[in-house]
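[1] here are the coordinates; sequence isn't available:
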Ligand SMILES: [Mn+2]
C-alpha cells in the first residue's frame, strides 16, 4: 500500500512577514486548497493513508473555518486513514475535538474528530495492515520502544536532525534526487522538547522509515540498510526563506520505495545577478529576467544584486526601485542590493588582473559572453548551468523565448520533465511503484 507523508502546513499562519496583505490572503487560501486537492488525489490514486508529522496548524487555536475545511476534506475521504502527530505549533488542536476535550466545541460547530483520523500519541504504536506506525515525542519514549522484525515499521517524529545539514544542502540544490546517505554514527535527532537521541540509537533496530516534520525543506536520507528518513517539508512555499521544490513524499510499504513529488503551486527561486556592465534600468531588468529564467510568474524571486554599477553613480538601483522593476514578472519579489557598489566607491577593488580560466567547450558566442562576464569579477560560478544560460543569453531569440529555452534546459539538467512538473498532481499518478532507490 502507498502512504503520503506531509507536515508543516502551518494552516492559519499570517504569512505577512513575507507577503503583503493580498498576497498573504491568496497564499493562505492556496495552502488550504493544496491540502484539499492532495486528499482528493489520495482517493483517486487509491492511497491507503496519510501521515501528518506535525504543525498542520500554526497555532493551538486556529480559525474555526480552517479547522472545519481540514476536517471536511478528511471526512470526504473515508477510505483514507490519516495519522496525525501534533507538532510544537498545533499541540492541543485535535485534543479539543476528542469527546473528552476540554475546549469549547461550539466554536467548531460541534465538529468532532472523523473516524478515519488516528491522533497519534508519543510512545504509542498503531497497526495498519502489515505496517505499524509508532509515534515518539521525547527521546525517552523512543528509547523504550521495540520494533518487530517482520512488520513494516514507521516512526513518526517532529523535530530537527543534527549532523546532516551540510550534506543535505547540496541535495537541496538539485531537488531531492541527490539526497544523502548518512554516516550512521554521526548526528542525531532533537525533539522539540529539547531531548535528543543519537542516530546510533535509532539505526539497526528494525525501523523502515522515519516520517519527520519540523524542517520546512524537503530532505530524504538513508540511515542504515533498511532505514530511510524523510522530511517532506512544507507542501507549499510559505515565503522567501523556503527555497527549493515543495511537495510531499510517497512511501510504498511493499516495495519500500520512498519518493518525493512536487505539489507546490509556487516555488521560491534564489538568484544572484552581477550588475557589471549595466548602465540603465531596462538593461538591468533584462539581465535579471534572464538570470531568473527558472522562475515564472507564479513564483517568488529572491534576488541578490552584486558587482559594480557602471551607470550614473546617483542612480545606483535601490531595493524598492529594483523590486518594482520586476514586480509584474513574479508573484512576489525580494531584492538585496547591499552587494552593489557604485563606480566612484572608494572601496572599489581592482580585479582587472583576475580572470577565471575555463575549459568548457561552448559555441563561440557563448564563450565570448562568458569571457565578457568573467573578465571583471572574481568568484563567478562557471557551472554547466551558468554556461548554458550564457550561451542562450546571446542567442538570436526574444527575451521570452530565451527564458523558455533556459527553463526547459535547466529542468532537463536537473532530470525533471518541466512539462510534467507544471502539474505536480500528474507526477503523483506516475510515482506509483517506480523504483528510485538508486538515487540515494
Ligand atoms: Mn514545528
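    Cool, got the structure. Just so we're clear, the structure is a prediction, and the values are computed from it rather than from any experiment.
[2] what does the stretch 301-440 of the chain have sitting close to the ion?
    By Cβ under 5 Å from the ion, no part of the stretch 301-440 of the chain sits against the ion. Yep, even glycine has a C-beta here, placed from its N, CA and C like the rest.
[3] Which one of the residues in the stretch 301-440 of the chain is closest to the ion?
    residue 302 (22.4 Å; Cβ to the ion).
[4] could you point out which element follows the lowest-mean-pLDDT helix or strand in the chain?
    Every helix and strand in the chain was compared by mean pLDDT, DSSP states H and E; the lowest is helix 165-173, with a mean of 38. Beyond helix 165-173 in the direction of the C-terminus, DSSP states H and E gives the next helix or strand as strand 188-191.
[5] check whether that next one contacts the ion.
    No. Strand 188-191 does not reach the ion (Cβ under 5 Å from the ion); its nearest approach is 10.7 Å.
[6] Now do that strand: everything it contacts.
    136-139, 157-163, 196-200, 202, 210 (Cβ atoms under 8 Å, 6 or more residues apart in numbering).
[7] go with 10 Å
    Contact with strand 188-191 is made by 88, 122, 136-142, 155, 157-164, 195-202, 210, 212, 214, 229, as judged by Cβ atoms under 10 Å, 6 or more residues apart in numbering.
[8] Spell out the residue ranges of the helices in the stretch 201-350 of the chain.
    281-291, 319-326 (DSSP state H, counting those that start in this stretch).
[9] Any chance of a markdown table for these, columns mean neighbour count and mean pLDDT?
    Below are these laid out as a markdown table (neighbours: other Cβ atoms under 10 Å; pLDDT from 0 to 100):
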| stretch | mean neighbour count | mean pLDDT |
| --- | --- | --- |
| helix 281-291 | 17 | 95 |
| helix 319-326 | 16 | 96 |
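[10] Compare those and give me the one nearest residue 406.
    The closest of the helices of the stretch 201-350 of the chain to residue 406 is helix 281-291. By Cβ to Cβ, the value is 7.1 Å.
[11] before we move on, the earlier item: for the residue of the stretch 301-440 of the chain closest to the ion, grab the count of nearby residues.
    By the criterion of other Cβ atoms under 10 Å, residue 302 has 24 neighbours.
[12] cool, and residue 140?
    Count around residue 140 with other Cβ under 10 Å applied: 13.
[13] which secondary structure element contains it?
    Per DSSP H and E: helix 139-143 holds residue 140.
[14] quick one: strands adjacent to the next helix-or-strand element following that helix?
    Proceeding N to C from helix 139-143, the next assigned helix or strand is strand 152-162, under DSSP H and E. The strands beside strand 152-162 in its sheet (DSSP bridges) come out as strand 131-135 (parallel), strand 188-191 (antiparallel), strand 209-213 (parallel).
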